[in-house]
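**Q** after the sequence you'll find the predicted model.
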Amino acid sequence: LEDIRTEFNQKVIAELRLRGVNCRGSASVRRTRLKRRLNLQRRIKQVRNRIEKEEAAKVSRIVKLKDLVTCILHLENRTTECVIYHVLCAAFDGLSDDEK
C-alpha cells in the first residue's frame with residue numbers, strides 16, 4: 001500500500017512540474033494544487049472552444065463577396081428604376097390635359 005501512495009505522489013509531483021506549479025508541501029496540498037490547475041485548464045479549454053465556435057459562426061454569417069456584388073448591383077438597378085419612375089411621374093403630372 002505504501003508503494004502505491006509513493007507512486008501516486010510521484011505522479012502528482014510530475015504533473016505539477018509539467019505545469020510549472022510549486023511542488024512543495026504535503027501530499028494533500030499538492031493534490032489540491034493539481035486539482036485546481038486541472039480545473040483551470042479545463043475551463044480555459046471550454047472558453048477556447050466556445051470562442052472558436054463563435055468565430056466559425058461569424059464566418060458562416062458573412063455574405064460572400066460574389067453574392068454581395070450581385071446584391072449591390074440589384075439594389076442599384078432598383079434605385080435607378082425608382083428614380084426614373086418618379087421623374088416620369090412628375091413630368092406626366094406636369095403635362096396639361098391636352099398634352100396627355
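**A** Cool, the structure landed.
**Q** and the helix or strand hosting residue 91, average pLDDT?
**A** Secondary structure from DSSP states H and E places residue 91 in helix 65-94. Per-residue pLDDT over helix 65-94 has a mean of 84.
**Q** what is the longest helix anywhere in the chain packed up against?
**A** If you go by DSSP state H, the chain has its longest helix at helix 27-61. Applying 3 or more CB pairs under 8 Å, 6 or more residues apart in numbering; DSSP states H and E, one finds that helix 27-61 makes contact with helix 2-18. (Glycine included, C-beta is placed from N, CA and C.)
**Q** tell me how far the helix it packs on lies from the chain's centre.
**A** 39 Å (CA atoms, centre = their mean, to the nearest Å).
**Q** what sits up against that helix?
**A** 22-23, 27, 30-31, 33-34, 37 (CB atoms under 8 Å, 6 or more residues apart in numbering).
**Q** that one: which residues count as buried?
**A** Across helix 2-18, burial judged by 16 or more other CB atoms under 10 Å covers 12-13, 15-16.
**Q** helix, strand, or coil at residue 24?
**A** Following DSSP: H, G, I helix; E, B strand; the rest coil, residue 24 is assigned to coil.
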